[in-house]
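Colleague: Return atomic coordinates for the entry below.
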Amino acid sequence: NEEWLRARGVSTILGGEFESGLVALYRRLAASKAPAAQPEPRVSLARQEFLPPERAGLPPLAHYAHVALEGGQHRTAGYTEASRGCKHTCRHCPIVPVYGGRFRVVQRAAVLEDVRQQVAAGAGHITFGDPDFFNGPGHAVALVHAMHAEFPALTYDVTIKIEHLLRHAALLPALRDTGCLFITSAVESADDATLARFDKRHTRADFVLAASLLRELGLTLNPTFVTFTPWTTRQNYVELLELIAELDLIEHVAPIQYAIRLLIPAQSRLLELPEVRALVQPFDSAALVYPWQHPDPGVDALYRQVLGAVRVRRASRHEHFAEVLRLAQAALGAPASARAQRELARRADWRPIPHMSEPWYC
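Modeller: The predicted model follows:
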């Protein structure tokens with residue numbers, strides 16, 4: 001989005017590993033040097049030694065999102081990163097145009113010092129914001145062992161690809177035993193053709209296997225989705241909801257996940273696909289995306305209905321799910337599966353799972 005930013009007066013743009021460029025900019029401005037063109041690299045992937053973030057002056061941690069627990073309890077949360085970027089190049093991911101399949105490790109000492117200062121500020125939980133915590137599994141596991149040894153009561157959550165959950169299954173007990181409260185995974189879709197278009201490198205069957213694996217290990221899966229794409233049909237939308245019910249994941253899915261619509265930003269790898277180039281409208285420089293409309297207007301209408309439904313405050317995730325399922329059934333003109341109906345009838349067995357008070361998606 002450089003062209004749009006510069007047209008609005010932005011003179012320096014720093015992406016990726018931005019710290020060295022930011023220091024260079026400071027020194028340049030301090031010396032009153034204003035070259036005609038930006039000398040710092042717009043995107044840097046240079047390896048660097050990280051410093052612990054300086055957090056003085058920020059609002060107290062209690063003012064940010066917290067971890068909601070069963071029984072109305074909650075835990076103050078902090079945030080840090082053990083790595084940046086990602087070694088995968090999923091077509092729909094906005095990280096890929098910047099990092100191009102590379103990632104950079106944040107040194108363990110810097111991460112641990114950042115954790116210490118947040119624990120001192122009241123954090124009882126740490127969210128690791130890495131795009132994929134298992135991009136460097138050795139680094140990740142050594143880090144959480146060190147963190148747990150120093151703060152045995154501290155819990156945390158991480159984001160890991162379905163592919164990595166299965167490939168590194170032997171490492172998952174280490175996460176459980178060091179305080180991992182839940183694992184976010186970008187499932188995106190239960191339709192294999194859509195997953196192939198996204199180049200996600202997992203299948204519907206892999207999702208089912210990963211959900212079973214985490215349940216057996218006593219780890220909570222927090223799946224995220226891109227539910228509305230140009231390839232979403234009314235039928236496979238209902239099938240996704242039924243699969244969520246069949247896997248006993250209704251309480252695991254934040255309601256907003258039912259209304260996530262595919263974004264196609266500048267330089268998205270999705271534009272490699274001729275069908276996507278034929279579908280999108282001209283780039284919208286104000287929204288910073290390529291707009292698109294679904295070939296079936298009924299799917300776009302369902303999206304608007306679902307988005308409206310999840311914005312309504314309801315008592316539980318099951319109640320949100322029930323309303324979304326009702327809308328999807330009406331759009332399809334068919335009832336839900338018997339299994340989905342049985343899951344909705346199990347009110348006495350519903351148990352809230354740990355989750356962030358402000359759910360996010362990837």
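Colleague: quick one: the helices in the stretch 201-350 of the chain?
Modeller: Here the stretch 201-350 of the chain has its helices, by DSSP state H, counting those that start in this stretch, at 204-217, 234-246, 274-279, 297-311, 317-332, 338-345.
Colleague: tell me which residues in the second one are buried?
Modeller: Burial within helix 234-246, assessed by neighbour count using 16 or more other Cβ atoms under 10 Å, is assigned to R234, N236, Y237, V238, E239, L240, L241, E242, L243, I244, A245. For every residue, glycine as well, the C-beta is placed using N, CA and C.
Colleague: Return the list of helices and strands in contact with it.
Modeller: helix 297-311, helix 317-332, helix 338-345 (3 or more Cβ pairs under 8 Å, 6 or more residues apart in numbering; DSSP states H and E).
Colleague: tell me how far it is from the chain's mean position?
Modeller: Distance, stretch centre to chain centre, for helix 234-246: 21 Å (Cα atoms, centre = their mean, to the nearest Å).
Colleague: That helix to helix 204-217, inter-axis angle?
Modeller: Angle between the axes of helix 234-246 and helix 204-217 is 20 degrees (criterion: axes from the mean of the first three to the mean of the last three Cα atoms, to 10 degrees).
Colleague: For helix 234-246, what does the pLDDT average out to?
Modeller: Averaged across helix 234-246, pLDDT comes to 94.
Colleague: returning to that earlier point: can you check which of the helices of the stretch 201-350 of the chain gets nearest to V144?
Modeller: Of all those, the one in closest proximity to V144, counting by Cβ to Cβ, is helix 204-217 (15.0 Å).
Colleague: out of the helices and strands packed on helix 234-246, deepest packed?
Modeller: Stretch with highest mean neighbour count among the helices and strands packed on helix 234-246: helix 317-332 (a mean of 19; mean count of other Cβ atoms under 10 Å).
Colleague: still on that earlier bit, with distance to A34 and mean pLDDT as added columns, please give the helices and strands packed on helix 234-246 in a markdown table.
Modeller: A markdown table is the format used below for the helices and strands packed on helix 234-246 (distance: least, Cβ to Cβ, whole Å; pLDDT from 0 to 100):
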| stretch | distance to A34 | mean pLDDT |
| --- | --- | --- |
| helix 297-311 | 45 | 97 |
| helix 317-332 | 53 | 93 |
| helix 338-345 | 62 | 71 |
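Colleague: Using JSON lines, lay out those together with distance to R261.
Modeller: Converted to JSON lines, these look like this (distance: least, Cβ to Cβ, whole Å):
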{"stretch": "helix 297-311", "distance to R261": "6"}
{"stretch": "helix 317-332", "distance to R261": "14"}
{"stretch": "helix 338-345", "distance to R261": "23"}
